[in-house]
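Participant: Curious how this folds, go ahead:
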Amino acid sequence: MKEYSSKHRILILGASGFIGNAIYKELLGYFRTFGTYRIPKKIFEDNHQFFQYNVEEDDVYEVLKATKPTIIISCLRGEFRAQTIAHQHIAEYLVEHNCKLIFLSSANVFDAYSKYPSYELDKTLSGSIYGHFKIKIENMLLRLPKKKVAIVRLPMVLGSQSPRLKELKQHLQNKTAIEIFPNIIMNVTTDSKLTQQIHYIINQDKYGIFHLGSTDLVHHDDYFKDIVEQITSKNEVLYKHVYTTNEDRYLAVLPKFNKLPKHLEITSTEVLEDLTK
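Facilitator: Numbers count the residues shown, from 1 in each chain. Take a look at the predicted model:
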């Protein structure tokens, strides 16, 4: 039996997805780490650290009872109502047990604000269904004892295996138009940097709200053209310009209060470089 240097037992809800699986691989060698998967797949069924869990059909309590986590990392996807019920059950579990939750939220909790980037203590306001849902879960969690919760707000997460990059490559292959948004100013990150940051939050027993995006901001259209340049040598690439507003609109999460050490920061240029690794 492997001896772990930490007493933590970690449960990653949604460990078969892009981000969840990256976190699982990062933590696996350091902690007793469990994960859930939704769709039966041999690789997960053969891994006895993995449990099948469908948020619409199964009760999360069964997984919690089986794994007895001291840290839950929620990367769940699925029907919003079912996710809300699951997080209500998780909140009850946190109160009753020696356990903490790291909840992956989104820059979309600020998507109704457009004039400035957003910081940790800014009031959330969203114009999208997805943003509304994330705010609802955040508000539920913020009512819990402070040390029980870390809310991690993410910008666009890229990586060599990210759905976004795969979609771009598909467009290039099919010679179809890539949507770009000239008026959106955003920040970005990679799965590899995010997993290091989460590892640090666990090791240092951090709690509160974290904004884990690149330290600099980029225009969506320029940045996507840079990405395309990184991954293809084709000259003729089709773009579809989508204007959601006539003025620049920010969808960026920057830290002001909960800053991580310098070696855990990332720039948009480093994100670009990471895509070709």
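Participant: I'd like the next helix or strand past the lowest-mean-pLDDT helix or strand in the chain.
Facilitator: Every helix and strand in the chain was compared by mean pLDDT, DSSP states H and E; the lowest is helix 42-45, with a mean of 63. Downstream of helix 42-45, the next assigned helix or strand under DSSP states H and E is strand 50-52.
Participant: all helices for this protein, in order.
Facilitator: Secondary structure of the chain (DSSP state H): helices at 18-27, 42-45, 60-67, 80-96, 129-142, 163-174, 191-203, 220-231, 268-274.
Participant: Lowest average confidence across those helices, which one?
Facilitator: Comparing mean pLDDT across the helices of the chain, the weakest is helix 42-45, with a mean of 63.
Participant: So which residue is dead centre in the chain?
Facilitator: For the chain, L104 is the residue whose C-alpha lies nearest the centre (C-alpha atoms, centre = their mean; 4.9 Å).
Participant: That one reaches L154, doesn't it?
Facilitator: Yes - between L104 and L154 there is a contact under C-beta atoms under 8 Å: 6.2 Å. Where C-beta positions appear, they are placed from N, C-alpha and C, glycine not excepted.
Participant: what is in contact with those two at once?
Facilitator: When C-beta atoms under 8 Å, 6 or more residues apart in numbering defines a contact, no residue borders L104 and L154 alike.
Participant: one step back: who touches the residue nearest to the centre of the chain in this structure?
Facilitator: Applying C-beta under 8 Å, 6+ apart, the residues contacting L104 are 19, 73-75, 152, 154.
Participant: In this structure N258 contacts I209, no?
Facilitator: Yes - proximity of N258 to I209 meets the contact threshold set by C-beta under 8 Å, at 6.5 Å.
Participant: S106 is in contact with E138, correct?
Facilitator: No - here E138 lies out of contact with S106, judged by C-beta under 8 Å, at a distance of 9.8 Å.
Participant: Mind checking which of those two has more residues around it?
Facilitator: Remark: of E138 and S106, S106 carries more neighbours, 23 against 19, as counted by other C-beta atoms under 10 Å.
Participant: Tell me how far that one lies from H199.
Facilitator: S106 sits 21 Å away from H199, taking C-beta to C-beta, to the nearest Å as the criterion.
Participant: Over to C99?
Facilitator: For C99 relative to H199 (C-beta to C-beta), the value is 18 Å.
Participant: can you count the residues close to T84?
Facilitator: T84: 14 neighbours (other C-beta under 10 Å).
Participant: Looking at S233 now. What's its pLDDT?
Facilitator: For S233, pLDDT reads 82.
Participant: Likewise for the one 5 residues further on?
Facilitator: As summarised for this prediction, L238 has a pLDDT of 93.
Participant: just to revisit the earlier point, what touches both of N258 and I209?
Facilitator: E120.
Participant: What lies in contact with stretch 244-261?
Facilitator: Against stretch 244-261 from outside (C-beta under 8 Å, 6+ apart): 107-108, 110-111, 113-121, 153-155, 181, 183-187, 197, 200, 206, 208-213, 215, 217.
Participant: Pull out the buried positions in stretch 248-257.
Facilitator: Within stretch 248-257, the residues scored as buried using 16 or more other C-beta atoms under 10 Å are 249-255.
Participant: Quick one: end-to-end length of it, please.
Facilitator: One end of stretch 248-257 to the other measures 26 Å (C-alpha to C-alpha, to the nearest Å).
Participant: Could you pull up the mean pLDDT of that stretch?
Facilitator: Average pLDDT, stretch 248-257: 95.
Participant: what separates it from the chain centre, distance-wise?
Facilitator: Relative to the centre of its chain, stretch 248-257 is centred 16 Å away, using C-alpha atoms, centre = their mean, to the nearest Å.
Participant: Going forward, the N-terminal residue is numbered 12.
Facilitator: Yes, from this point I'll number from 12; that puts the last item at stretch 259-268.
Participant: Next one: the residue nearest to the centre of the chain from T280, what distance?
Facilitator: For L115 relative to T280 (C-beta to C-beta), the value is 24 Å.
Participant: try Q181
Facilitator: Taking C-beta to C-beta, one finds Q181 at 25 Å from T280.
Participant: Please apply the same query to V74.
Facilitator: 40 Å.
Participant: Looking at those two, which is more packed in?
Facilitator: V74 (20 against 12).
Participant: isn't the more buried one right up against T47?
Facilitator: Yes - if you go by C-beta under 8 Å, V74 and T47 touch, sitting 6.0 Å apart.
Participant: I am finished for the moment; much appreciated.
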